[in-house]
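Visitor: Model the structure of this input:
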Amino acid sequence: MPLPRSTAVLLTLLILSAGSAPVRPQGTSTLEEAEHTVLETPAADRARQWLFALTEEPHVAGTPAEQRVAEYVRDRLVEFGLDTEMVRYDVFLNHPTNVALRIVEPIEMDLSLIETPNVVDKDSADPDLFPGFHGYGASGTARGQVVYANYGRPADFRRLESMGISVEGRIVLVRYGQVFRGLKVKEAEGRGAAGVIIYSDPADDGYMRGDLYPDGPMRPPSAIQRGSVQFLSIQPGDPSTPGYPSREDAVRVDRADMETVPHIPSLPLSYGEAEKLLRRLGGPGAPDGWQGGLPFRYHVGPGGVAAEMAVEMDESLKPIFNVIARIEGTDEPDHLVIMGNHRDAWNHGAVDPNSGTAAFLESARALAAAVEAGWRPRRTILLASWDAEEYGLVGSTEWAEDQAERLGGRTVAYLNVDSAVTGREFDAGGSPSLRDVVVAAARAVPEPLEGGTVGSVWEARERSDWAGETVDLSAPDATFELHLDPLGSGSDYTAFLDHLGIPSVDLGFNGPYGVYHSAFDTFYWMDEFGDPRFVYHAAAARFYGVLGLRLASEAVVPLRFGSYGRALTGPLDDLRRQAIQVARAASPGEVPTFDFTGVQAALSRLTEAGTRLDAALDSVPAGSAGQPGLNRALIDVERAFLSEDGLVNRPWFKHLLYAPGLTTGYAAWPFPEMAEALENEDVTLFQTGASRVVQAIDEAVRRMDQAAGLAR
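Guide: Sure thing, here's the model as predicted:
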């Protein structure tokens, strides 16, 4: 029987007067209160709990284990009270069925493609771990003399050629580092190599960098770096649907016709096993800069040792699952802030990527708590848990291509967290238009162990590094200015920034980390070395949540452009220095001319327009929504830097100011067409690229001035 209305009212008044918090009408929590909730909610013990659960088994994309992790993340988001869906794509992936590598001359000896388990770490002995293999590595066999090619960069292969050494028909041995692994295979394949072995040298992440696991964080002799060998700087995503989404009715490209994956076999190798090859290599001694950390003189071959490799892959369409949660916006629901992290790993993935997944879940829990307290964002927040990133940013790329029409011109920013924690040093890379809001958010987050804030410690370290740099005598009055690192590729921001023109940021706390992509990237490693108290996981969640909250909630979207031109000045100076070196190396009468004056002048116009716009935005009254269309105009500025036809030699990449290096993959090439032209000494491409940059900047200036007019 229901209570009489008068009794119910009386009981309600008694409950409220007994000290419980007043019931606030839905949607009336202030931004300040919501931010307090987002800062207070993340907890180290919760992050530890999430990471423990996420890393209970290896979960390579396309396996049932990875689907279980997707369902776990989905269930947590639903548990937090968020509207959540799983989005499936069937994409081309490979899993190893048989891989083998052996020395065949001067002796016969099998080389191990599995790690030696460590007794202190149960996960390192997991029987479900795949042996060493490469994502998108080709099936096939190869046999031949071994040639050592250092890091496998174009310059390294040219050095071999200058020494009269060909890799044609041979097996190329290269070490990890400097450039993305897929580009090492691409360079070798283009020169006729029969196969490629990529090993981890102790000079790069082994005993020359610190104590070895399990006594320290660095790579032990048996650790193998798995990874994708897709040609990432040409185009990420499912190689069977290049440039369009992997929908059910998509036209598929056959494996033999795929242009972004290798067609010769390749395998990863530990330095403990690679030593057996390197010790036997004959031929000339390694050139300067080619000597690694193993305790003997390196030689380049050929001669001394031959190897045989056999690779059999299960190559087929396999299901992957993106998990998307939604917090609906109030005033501008069509404008989006996307917060993303991938789940899939080559192993248990405690650092890469599930330290990020743990922080992602804590951020989601904090935002959900703010919603429960009555807050609503002005703009819609999407929390995206991506699949198959490790193969080539597949889950995020297919979704971005699938949703391109909806995302373009409507998305304020994409916020990425991948490996959130390997240590204590915070760093962020991203679009210059996000610098101010990133710095401000970092200043709002307490530093867990050093005192102050994450932002103050970060800025102090960056200032110290800047003060220790060589003084540029042409600018004796230079002052410190914090800039975000330019984004190249290697994580899920790529499709959003480079293909769709959405301002993006990537964040994390860094430290010594030598077990990348190996069987030792486990919960034990994190608990011992990365973040034993899990306080930096919680700090990453706080920063990530505050940044998303501000971008989604401030009345005027916090994009600022005054530093954009200055952020590009240093990279342009680097290109000018490279042009001078190219000219000095040229033969008399054949000195190429690279004219930078137009781009330099355009950067000045960009800085002036950005400063004008920032001043106009600063004059908008606090709490004001601004004039109609202002936020849309601000969102549209970054898209001025896109070319509809894409970069000249890789049209999927459309951003004319930032792209991954064509020959680096991970590292950024600001002014990518101009950088490629200098790499190839191509004056025509340089002129084309410079002209396109000037046109894009002038369009951005026009849009900035239009936005400034709306702000006044």
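Visitor: What ranges does the stretch 201-350 of the chain have for its strands?
Guide: Secondary structure of the stretch 201-350 of the chain, counting by DSSP state E, counting those that start in this stretch: strands at 227-228, 266-269, 306-327, 332-342.
Visitor: Give the pairing partners of the first one; include direction for each.
Guide: Which is strand 227-228. Sheet partners assigned to strand 227-228 using DSSP bridges are listed as strand 134-135 (parallel).
Visitor: now the last one
Guide: Next to strand 332-342 in the sheet, as set by DSSP bridges, lie strand 379-386 (parallel), strand 411-421 (parallel).
Visitor: which one of those strands is the most hemmed in?
Guide: Per-stretch averages of neighbours, counted by mean count of other C-beta atoms under 10 Å, single out strand 411-421 among these, with a mean of 28. Glycine gets a C-beta too; all of them are placed from N, C-alpha and C.
Visitor: Doesn't Gly565 lie inside a helix?
Guide: Yes - with DSSP: H, G, I helix; E, B strand; the rest coil as the criterion, Gly565 is located in a helix.
Visitor: helix or strand for the closest residue to it other than its chain neighbours, which one?
Guide: Spatial nearest neighbour of Gly565, excluding adjacent residues (C-beta to C-beta, 6 or more residues apart in numbering): Thr607 at 3.3 Å. Applying DSSP states H and E as the criterion places Thr607 in helix 597-618.
Visitor: Run a quick neighbour tally on Arg712.
Guide: Arg712 is flanked by 11 other residues according to other C-beta atoms under 10 Å.
Visitor: Could you check the pLDDT of it?
Guide: You'll see Arg712 listed with a pLDDT of 84.
Visitor: wait, doesn't Arg712 sit right on Ser619?
Guide: Yes - counting by C-beta atoms under 8 Å, Ser619 is a contact partner of Arg712 at 7.2 Å.
Visitor: The spatially most central residue of the chain in helix, strand or coil?
Guide: Nearest residue to the geometric centre of the chain (C-alpha atoms, centre = their mean): Ser491, 2.6 Å. Per three-state DSSP, the local secondary structure of Ser491 is coil.
Visitor: From Ala622, how far off is the nearest residue to it once chain neighbours are set aside?
Guide: The shortest distance from Ser491 to any residue other than its chain neighbours is 4.5 Å, reached at Asp418 (C-beta to C-beta, 6+ apart). Using C-beta to C-beta, to the nearest Å, one gets 35 Å for the distance from Asp418 to Ala622.
Visitor: Please identify the most buried of the strands of the stretch 201-350 of the chain.
Guide: On a mean-neighbour basis (criterion: mean count of other C-beta under 10 Å), the most buried of the strands of the stretch 201-350 of the chain is strand 266-269, at a mean of 28.
Visitor: That strand packs against which elements?
Guide: Based on contacts counted as 3 or more C-beta pairs under 8 Å, 6 or more residues apart in numbering; DSSP states H and E, the elements that strand 266-269 packs against are strand 83-105, strand 134-135, strand 195-199, strand 306-327.
Visitor: Within its local environment, how many residues does Ser431 see?
Guide: If you count neighbours by other C-beta under 10 Å, Ser431 ends up with 28.
Visitor: any weak-confidence spans in this structure?
Guide: 1-28, 470-477, 623-628 (pLDDT under 70).
Visitor: What are the structural domain limits within it?
Guide: Domain ranges of the chain: 39-91+317-450+491-553, 93-313, 564-711, per automatic domain parsing.
Visitor: Adding distance to Trp466, write these out as JSON lines.
Guide: Converted to JSON lines, the domains of the chain look like this (distance: least, C-beta to C-beta, whole Å):
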{"stretch": "domain 39-91+317-450+491-553", "distance to Trp466": "14"}
{"stretch": "domain 93-313", "distance to Trp466": "24"}
{"stretch": "domain 564-711", "distance to Trp466": "11"}
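Visitor: Those: which one's closest to Thr479?
Guide: Ranking these by their distance to Thr479 (criterion: C-beta to C-beta) puts domain 564-711 first, at 10.8 Å.
Visitor: Report the distance from the closest one to the chain centre.
Guide: 21 Å (C-alpha atoms, centre = their mean, to the nearest Å).
Visitor: so where do the helices sit in the stretch 101-250 of the chain?
Guide: Assigned helices in the stretch 101-250 of the chain, in chain order: 154-162, 181-190, 202-205 (criterion: DSSP state H, counting those that start in this stretch).
Visitor: circling back to that earlier point, of the domains of the chain, which stretch is the most buried?
Guide: With neighbours defined as mean count of other C-beta under 10 Å, the domains of the chain peak in mean count at domain 39-91+317-450+491-553, which reaches a mean of 23.
Visitor: where do the strands sit along the stretch 501-650 of the chain?
Guide: Listed in chain order, the strands found in the stretch 501-650 of the chain under DSSP E, counting those that start in this stretch are 504-510.
Visitor: hmm, back to that, mind listing what the residue nearest to Gly565 touches?
Guide: Taking C-beta atoms under 8 Å, 6 or more residues apart in numbering, we find Thr607 in contact with Gly562, Tyr564, Gly565, Arg566.
Visitor: go with 7 Å
Guide: For Thr607, the contacting residues are Gly562, Gly565, Arg566, taking C-beta atoms under 7 Å, 6 or more residues apart in numbering as the criterion.
Visitor: And the closest residue to the last one other than its chain neighbours, how close does it get to Glu389?
Guide: Spelled out, that is Arg566. With C-beta to C-beta, 6+ apart as the measure, Thr607 is the residue that lies nearest to Arg566, at 6.0 Å, once sequence neighbours are left out. From Thr607 across to Glu389, the span is 35 Å (C-beta to C-beta).
Visitor: Check His335 too.
Guide: Applying C-beta to C-beta, one obtains 25 Å for the distance of His335 from Glu389.
Visitor: top helix in the protein by residue count?
Guide: Looking only at the chain and at elements set by DSSP state H, the helix with the highest residue count is helix 683-711.
Visitor: Identify the residues contacting the closest residue to Ala286 other than its chain neighbours.
Guide: The shortest distance from Ala286 to any residue other than its chain neighbours is 3.9 Å, reached at Tyr298 (C-beta to C-beta, 6+ apart). Counting by C-beta under 7 Å, 6+ apart, Tyr298 makes contact with Tyr148, Leu278, Ala286, Trp290, Gln291, Gly292.
Visitor: My read is that the first one contacts Leu173, right?
Guide: Meaning Tyr148. Yes - using C-beta atoms under 7 Å, Tyr148 and Leu173 qualify as a contacting pair, with a distance of 5.0 Å.
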